[in-house]
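Visitor: Following is a predicted model, sequence given first.
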Amino acid sequence: MSIFTGKWSFYVNGTLLAVMIVFCLYLFDDTVGMSDGMVVISRYCERAAQEMMVEKPPPLDWQTGFLGGIVLGALAAAIMSGNWKIRFFQEGASGIVIKSLDTILSGVIGGFLVMLGLQLAGDSFLGQWAAAMQLSGGAWVFLISCFVVAAGTAILLERRREGGG
Amino acid sequence: MMIAALTLTGNYRLAVAILMGMAFGFLLVKSDLIWRKTCLNMLLLRDGRLLKALLFSMAVGCTLFFIAQRFELVNLRVRPGYFWASLIGGIICGFGVALCCRVPITAIAALASGRVYVLWSIIGMLLAVPFVQIISGWLSNSIYNWSEPISVHESVSSYFAINNPALWIAGISLLLVLFIHFALGGDEEG
């Protein structure tokens, strides 16, 4: 069926995203977000590294359950739409060494900065999006500054890449 | 009977959270939010598809939340926002998004879609948590002290009241969707 294999239009995606965020507020009386789940996983990893052993799996609460659900849902959607592909390097650079360095550095530094910014602002990206729908001034400051800086930096990096070949 | 937020607890909360996570994961793939290329094209203002979806969700979400709150189906659930913390957090997060084109939720979904290299981004995200714990004392005495928490707006009785911010946000978002649709396009696949 094309509904599972094809892409969905922007108004379908936008409407579903909004409905699901508000529906989660109704179901859980809380905003769903990945940061809380990531914090649980990070502390679990920290403890396992300190004790040099993995005794039991990380705690399964509703936030880590949501995280697991995303894995299952994304896996199903990617397989159904034929987008499930193993990729070890991101697109862009050529040459195995440059490609590896580009993938590792932009991944680790980028991920670190994303989570650092989210932790400073006090919520996950989805949480900020849900808070913006609830007209939170802090969430709007966060989202606007994030998009402006992300777009500006991406444009500068792209120009530099094109200029440098 | 009084209508109120369902507020699931215990195993029901866990089971429904897993189901909602599955629905979100499915939607993230179908909306192309998890792919590096489409996210980068959005940031480079080359493709308007994602921007339109996000702005449309904001317009619908603001309106839906307003209606749901009026019927007492949902409660306001916003963590306290500090101006400087939100601004600096947004700037730092923006630099990170430009580098890896991912936020936590899209990173997990992309990894599930076979993009193994996203593990590096997830490692970076996991490393940031203990780092914030280490500097939390300094943060409490500086960034979080520079301004008072931003107060939440007072609720308005009518959606079409001129002082209703939800109406303004929905209207401006829809106008931006129209502008982006004609300026950037990007819904060929729809």
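Guide: Yep, it's here. Numbering: from 1, shown residues only, chains lettered A, B, ... in the order given.

Visitor: switch to C-alpha atoms for all contacts and neighbour counts from now on
Guide: OK.

Visitor: Low-confidence bits of chain A, can you list those?
Guide: A:1, A:33-36, A:38, A:54-55, A:93, A:164-165 (pLDDT under 70).

Visitor: Can you show me the helices along it?
Guide: A:2-5, A:10-28, A:34-51, A:62-80, A:96-121, A:125-133, A:137-163 (DSSP state H).

Visitor: Over to chain B?
Guide: According to DSSP H, the helices that chain B contains are B:10-30, B:36-43, B:49-70, B:83-100, B:104-112, B:118-134, B:136-141, B:165-183.

Visitor: can those helices go into CSV with extra columns for mean pLDDT and mean neighbour count?
Guide: Formatted as CSV, the helices of chain B follow (pLDDT from 0 to 100; neighbours: other Cα atoms under 10 Å in any protein chain shown):
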stretch, mean pLDDT, mean neighbour count
helix B:10-30, 91, 22
helix B:36-43, 92, 20
helix B:49-70, 93, 24
helix B:83-100, 94, 27
helix B:104-112, 93, 26
helix B:118-134, 92, 21
helix B:136-141, 84, 12
helix B:165-183, 92, 17
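
Visitor: Quick one, which of these gets closest to residue B:149.
Guide: helix B:83-100 (7.2 Å; Cα to Cα).

Visitor: gap between that closest one and the chain center?
Guide: Put simply, helix B:83-100 sits 13 Å off its chain's centre (Cα atoms, centre = their mean, to the nearest Å).

Visitor: And it, what does it pack against?
Guide: Contacts defined by 3 or more Cα pairs under 8 Å, 6 or more residues apart in numbering or on different chains; DSSP states H and E place helix B:83-100 against helix A:96-121, helix A:137-163, helix B:36-43.

Visitor: Which one of the ones you listed lies nearest to residue B:169?
Guide: Using Cα to Cα, these put helix A:137-163 closest to residue B:169, at 10.7 Å.

Visitor: The closest one near chain B at all?
Guide: Yes: Helix A:137-163 comes into contact with chain B (Cα under 8 Å from any Cα of the partner chain), by way of A:137-139, A:141-155.

Visitor: Just name the most buried of the helices and strands packed on helix B:83-100.
Guide: helix A:96-121 (a mean of 23; mean count of other Cα atoms under 10 Å in any protein chain shown).

Visitor: list the helices and strands that helix packs on?
Guide: Helix A:96-121 packs on helix A:34-51, helix B:83-100, helix B:118-134, going by 3+ Cα pairs under 8 Å, 6+ apart.

Visitor: Not counting its neighbours along the chain, what's nearest residue A:61?
Guide: Spatial nearest neighbour of residue A:61, chain neighbours left out: residue B:14 (6.2 Å); criterion: Cα to Cα, 6 or more residues apart in numbering or on different chains.

Visitor: In this structure that neighbour contacts residue A:65, no?
Guide: Yes: when contacts are counted by Cα atoms under 8 Å, residue B:14 is listed as touching residue A:65 (6.2 Å).

Visitor: of all the helices and strands packed on helix B:83-100, which lies closest to residue B:167?
Guide: Comparing the helices and strands packed on helix B:83-100 by Cα to Cα, helix A:137-163 comes nearest, at 15.3 Å.

Visitor: name the helices or strands packed onto the closest one?
Guide: helix A:125-133, helix B:36-43, helix B:83-100.

Visitor: Would you quantify the distance from residue B:182 to residue B:176?
Guide: 10 Å (Cα to Cα, to the nearest Å).

Visitor: ok, now residue B:55?
Guide: Residue B:55 is 7 Å from residue B:176, by Cα to Cα.

Visitor: wait, doesn't residue A:111 sit right on residue B:124?
Guide: Yes: counting by Cα under 8 Å, residue A:111 does reach residue B:124; the two are 4.5 Å apart.

Visitor: any shared contact partners between those two?
Guide: Both residue A:111 and residue B:124 lack any common contact, where contact means Cα atoms under 8 Å, 6 or more residues apart in numbering or on different chains.

Visitor: show me the contacts for the closest residue to residue A:18 other than its chain neighbours.
Guide: Residue nearest to residue A:18 in three dimensions, not counting chain neighbours: residue B:61, with 4.5 Å by Cα to Cα, 6+ apart. Counting by Cα under 8 Å, 6+ apart, residue B:61 touches A:15, A:18-19, A:21-22, A:133.

Visitor: Filter these down to the buried ones.
Guide: The neighbour-count criterion (16 or more other Cα atoms under 10 Å in any protein chain shown) marks A:15, A:18-19, A:21-22, A:133 among the contacts of residue B:61 as buried.

Visitor: out of those residues, which one sits closest to residue B:89?
Guide: Using Cα to Cα, the buried ones among the contacts of residue B:61 come closest to residue B:89 at residue A:133, 18.8 Å.

Visitor: For the helices and strands packed on helix A:96-121, give me CSV that also has distance to residue A:73.
Guide: Output for the helices and strands packed on helix A:96-121, formatted as CSV (distance: least, Cα to Cα, whole Å):
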stretch, distance to residue A:73
helix A:34-51, 15
helix B:83-100, 22
helix B:118-134, 17
